[in-house]
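> I would like the atomic coordinates for the input below:
(one chain, ligands or ions: 1)
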Amino acid sequence: MLFLLFLLSFLKSHSQLDYNITQWYNNKQSALSITFDDGYSSPFRQATDMLNSNNFKATFFIITNLIGHNSFANWTDVINNANQGHEIGSHTVNHYNLTDISPEECNYELSVSRDVINSKVKSPKCVSLSYPGVNIILM
Ligand SMILES: [Zn+2]
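Okay, the predicted model is just below:
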């Protein structure tokens, strides 16, 4: 949460840049994606208020089989966030590393998570995926 506070403060104080990198949608000066992986309840219940009060939207990538379990958000949290203009993206059904499963299982993980999200969240539709199971080992 501290990082999010810092990021939002930085963005507000640097909203008037005096150089142009490229053209963004509606000629905005820059673009940034704020994303949360896995669907834990704390981003849904704490970061959303912070984002809304600073006029920012984020993408919340959820693991559809874990929604409603233990420390994960529930569908009410997910639908509420979508209704407030945040994007709900897929982080697959079970969070498997997609390179460790068959093409059929991979298709299931991608298509079922998208379809479950779209059956619960009417708008905006699920169009984004955050690839699960990436572990970077630095030696
Ligand atoms: Zn993850």
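
> what does this protein have sitting close to the ion?
Counting by C-beta under 5 Å from the ion, the chain comes close to the ion at 37-38, 132. Any C-beta I mention is one placed from the backbone N, CA and C, and that applies to glycine too.

> Heading C-terminal from the helix or strand harbouring residue 42, find the next helix or strand.
Here residue 42, judged by DSSP states H and E, is contained in helix 41-42. With elements assigned by DSSP H and E, the helix or strand that comes after helix 41-42 is helix 48-53.

> sorry, back to before: from the middle of its chain, how far away would the helix holding residue 42 be?
13 Å (C-alpha atoms, centre = their mean, to the nearest Å).

> Just give me the neighbour total for residue 35.
14 (other C-beta atoms under 10 Å).

> For it, which residues are in contact?
58-61, 89, 130 (C-beta atoms under 8 Å, 6 or more residues apart in numbering).

> Looking at strand pairing, list the partners for it.
residue 59 (DSSP bridges).

> separation between it and the ion?
According to C-beta to the ion, to the nearest Å, residue 35 stands 11 Å off from the ion.

> Could you do residue 77 as well?
On the measure of C-beta to the ion, residue 77 and the ion end up 17 Å apart.

> Would you agree that residue falls within a helix?
Yes - under DSSP: H, G, I helix; E, B strand; the rest coil, residue 77 sits within a helix.

> Do I have it right that it meets residue 47?
No - contact status for residue 77 versus residue 47: not in contact, 11.4 Å apart, counting by C-beta atoms under 8 Å.

> Give me the below-cutoff pLDDT ranges for this structure.
Across the chain, the ranges flagged by pLDDT under 70 are 1-3, 6-8, 10-22, 134-139.

> Strands of the protein, residue ranges please.
35-36, 59-62, 87-90 (DSSP state E).

> Alright, that wraps it up for me.
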